[in-house]
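Colleague: Build the 3D model from these lines:
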Amino acid sequence: MQIYSNAFSNNGIIPRQYTCEGADLSPPLRWENPPTKTQSLALIVEDPDAPDPAAPQRIWVHWVLYNIPPHVQDLPAGVQTLPSGTQEGINDWQRGGYGGPCPPIGRHRYFFRLYALDTVLPTLLVPDKDNLQAAMRGHVLAEATLIGRYAKGDH
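Modeller: Numbers count the residues shown, from 1 in each chain. Sure, this is the predicted structure:
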């Protein structure tokens, strides 16, 4: 399974429009080759370099989606309407939806992790990353990662 964006290459610079310095739109994402037995997909976008890549202290969660139907192969830029059945989790701003890169210092890495699951997950009472990962345990068939980088002032 692979995940891509036509907005940036793996380990490339995330364009400004997908960050807090731009329109803060979610980037376009596309994936292919999920395992045959995939029943749903989950997406977690996180920054392991917060707050400073030279001295990271925590992983900052930017976006959580789960129960993406297995036939869905992409999300458009600035997605407004999620595919039917998809559930949105809570990011580290304590809200649903995408929150783009907004690093306080340095160039950070942003991991777009897509998981193929052998089940459709129950609705999570608190749909944050930790609870999603706990619900996914034992159900992950495959994982794909796309890494983007961003520092304030990148164009």
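
Colleague: Look up how far Gly138 lies from the residue nearest in space to the middle of the chain.
Modeller: Centroid-nearest residue in the chain: Val45, 2.8 Å away (criterion: Cα atoms, centre = their mean). Distance, Val45 to Gly138, by Cβ to Cβ, to the nearest Å: 23 Å. From N, CA and C alone the C-beta is placed, and that goes for glycine too.

Colleague: Mind jotting down where the strands sit in the protein?
Modeller: For the chain, strands defined by DSSP state E occupy the ranges 2-4, 12-13, 29-32, 40-50, 58-68, 74-75, 87-88, 108-117, 140-150.

Colleague: how far is the fifth one from where the chain is centred?
Modeller: Okay, so that is strand 58-68. Relative to its chain's centre, strand 58-68 lies at 5 Å (Cα atoms, centre = their mean, to the nearest Å).

Colleague: Output the contacting helices and strands for it.
Modeller: Packing partners of strand 58-68 (3 or more Cβ pairs under 8 Å, 6 or more residues apart in numbering; DSSP states H and E): strand 40-50, strand 87-88, helix 129-136.

Colleague: Quick one: work out the angle between the first one and strand 108-117.
Modeller: When axes from the mean of the first three to the mean of the last three Cα atoms, to 10 degrees is applied, the directions of strand 40-50 and strand 108-117 differ by 160 degrees.

Colleague: quick check: angle from strand 40-50 to helix 129-136?
Modeller: Using the same axes, to 10 degrees: strand 40-50 against helix 129-136 is 140 degrees.

Colleague: So which bits of strand 40-50 are buried?
Modeller: Buried residues in strand 40-50, counted by 16 or more other Cβ atoms under 10 Å: 40-47, 49-50.

Colleague: of those, closest to Gly97?
Modeller: Val45 (11.1 Å; Cβ to Cβ).

Colleague: List the residues that contact that closest one.
Modeller: Under the criterion of Cβ atoms under 8 Å, 6 or more residues apart in numbering, the contact list for Val45 reads 61-64, 98, 110-113.

Colleague: Quick check: buried residues in stretch 89-109?
Modeller: So for stretch 89-109, counting by 16+ other Cβ under 10 Å, buried means 89-92, 97-103, 108-109.

Colleague: Out of those residues, which sit inside helices?
Modeller: Within those, no residue falls in helices by DSSP state H.
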